[in-house]
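Enquirer: here's my sequence, what's the structure:
(chains A and B)
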Amino acid sequence: MNKSLKEKLESTFKGLRIAVPEESRIAVSAESDNVLAILRFLKDAGFNHLALLSAVDWIEDNVFELCFILTSYMQNDDEVTGRQSLHIILKTKIPRKEPQFKTATGIFPNAEPYEREIHELFGIKFEGHKRLIPLLLERNYEIPPFRKDFDTRKYVKEVFDKIPSVEIEEK
Amino acid sequence: MDRNQITKWLKAPAKMANKYSLHVIYFCTGCGIIEIPPVITSRWDAERFGIIPVATPRQANLFLITGYVSVKTLRPIIRTYEQMLEPKYVIGFGSCPINGGMYWDSYNTIKHLDKYIPIDGWIAGCMPRPEAIIIAVTHLWTLIDKEMANGYKKYRENYEAYRKNQEMALGELDWPPLFSVSDKSRGNVQ
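Expert: Here you go, the predicted structure:
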């Protein structure tokens, strides 16, 4: 199954780089235009569960990398043979300046909170997302805090350390 | 009951009754909440010490903050504290509420909790053992005896400063002040 899926992917889409780091993992790097089509293809092929959508900030290459991890509900880990269920890791790179990507909520509805989180913490905008409102944070940050150029120590010094201790008047 | 304490009971019965029946509200903010189940259940049965968990802050007079406080949880912590009835005591559990602990340079963690609400006692450690909660409560008894556990009085007296700090951390607060705040000091906040 592992090999045939790899061949199918390679024959359907161009410009893919497919690696098999382990027996039960397939890592696919794709161009950002292809990603939604690949997601739909994989969903039709039985990978109907988006386990994770996350982002990585590669500040030296000036790109963000989005990372989709797909798996299937129907295949279970087999404890007797030790065979693990197959996970597909789909990666794509988008430019760091004014980052934008198309929403995957049309294919996997559970991508909604992941995309809200990434929008809040990395500042990546997802076009077509219906509810891109803050999810976790309470304060406003000039630079989204999970970007590598966000200086946490400077931020702590400027915000939290400036709040004075309450001086208790002894009586 | 300890025979030596009879004079204390006769002198201030209400204070002694209050001291030996601490009703606890836990705030499950961080990893420290994992130490609470062994404390309240049979292993270290905290009811021997009169500590009993309650459902709402309006029944509680001991507030146990277990673990780190993010900016978002500071808001319900203040609201919970303000709903509790006096006399009320707060114990910070673990090193994170003291000075941030391992989250000292985090963008979203409150570093010194005593800037926002008064704390009567700290339990240092990461994580403290469950016995530490019971030891802290016995220390709190001593403080109550000596009238030193008066954080709620400090909150009442220095409410303006506390409210100002809360607004600095959270921005606009969406509830009215608990105690009256004079207009002059409100002007300095913004």
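Enquirer: so which residues on chain B come close to chain A?
Expert: B:70-72, B:75, B:104-108, B:110-112, B:114-115, B:118, B:154, B:157-158, B:161-162, B:165, B:168-171 (CB under 8 Å from any CB of the partner chain). Quick note: C-beta positions are derived from backbone N, CA and C, even for glycine.
Enquirer: which among those end up buried?
Expert: Buried members of those, scored by 16 or more other CB atoms under 10 Å in any protein chain shown, are B:70-71, B:75, B:105-108, B:110-112, B:114-115, B:118, B:154, B:157-158, B:161-162, B:165, B:168-170.
Enquirer: inside helices: which ones of the residues you listed?
Expert: Taking DSSP state H as the definition of helices, those contribute B:V71, B:R75, B:K154, B:E157, B:A161, B:Y162, B:N165, B:M168, B:A169, B:L170.
Enquirer: could you list the low-confidence segments of chain A?
Expert: Across chain A, the ranges flagged by pLDDT under 70 are A:1-3, A:75-84, A:168-171.
Enquirer: can you give me the helices in it?
Expert: A:2-12, A:35-44, A:111-122, A:152-158.
Enquirer: between helix A:111-122 and the second one, find me the angle.
Expert: Pointing back at helix A:35-44 there. 140 degrees (axes from the mean of the first three to the mean of the last three CA atoms, to 10 degrees).
Enquirer: contact partners for the closest residue to A:R147 other than its chain neighbours?
Expert: Distances taken as CB to CB, 6 or more residues apart in numbering or on different chains place A:D57 nearest to A:R147, at 5.4 Å, with adjacent residues excluded. With contact set as CB atoms under 8 Å, 6 or more residues apart in numbering or on different chains, A:D57 has these partners: A:F64, A:R96, A:F122, A:F146, A:R147, A:K148.
Enquirer: farthest pair in the residues you listed?
Expert: A:R96 and A:F146 (12.9 Å; CB to CB).
Enquirer: spatially central residue for chain A, please.
Expert: Nearest to the mean C-alpha position of chain A, counting by CA atoms, centre = their mean, stands A:S54 at 1.9 Å.
Enquirer: cool, and chain B?
Expert: Taking CA atoms, centre = their mean, chain B has its central residue at B:V90, 1.6 Å away.
Enquirer: any idea what the nearest residue to it once chain neighbours are set aside is bridged to?
Expert: Leaving out its chain neighbours, the residue that sits closest to B:V90 by CB to CB, 6+ apart is B:F63, at 4.6 Å. Counting by DSSP bridges, B:F63 forms beta bridges with B:I25, B:V90.
Enquirer: quick one: B:F63 from chain A, how far?
Expert: Per CB to the nearest CB, to the nearest Å, B:F63 is found 17 Å from chain A.
Enquirer: separation between that residue and A:T92?
Expert: 47 Å (CB to CB, to the nearest Å).
Enquirer: any bit of stretch A:123-135 sitting next to chain B?
Expert: No: figure legend: stretch A:123-135 not in contact with chain B (CB under 8 Å from any CB); closest approach 10.1 Å.
Enquirer: contact partners of that stretch?
Expert: Contacts for stretch A:123-135 (CB under 8 Å, 6+ apart): A:55, A:64, A:66, A:94, A:98-103, A:105-106, A:112-113, A:115-120, A:143-144, A:147.
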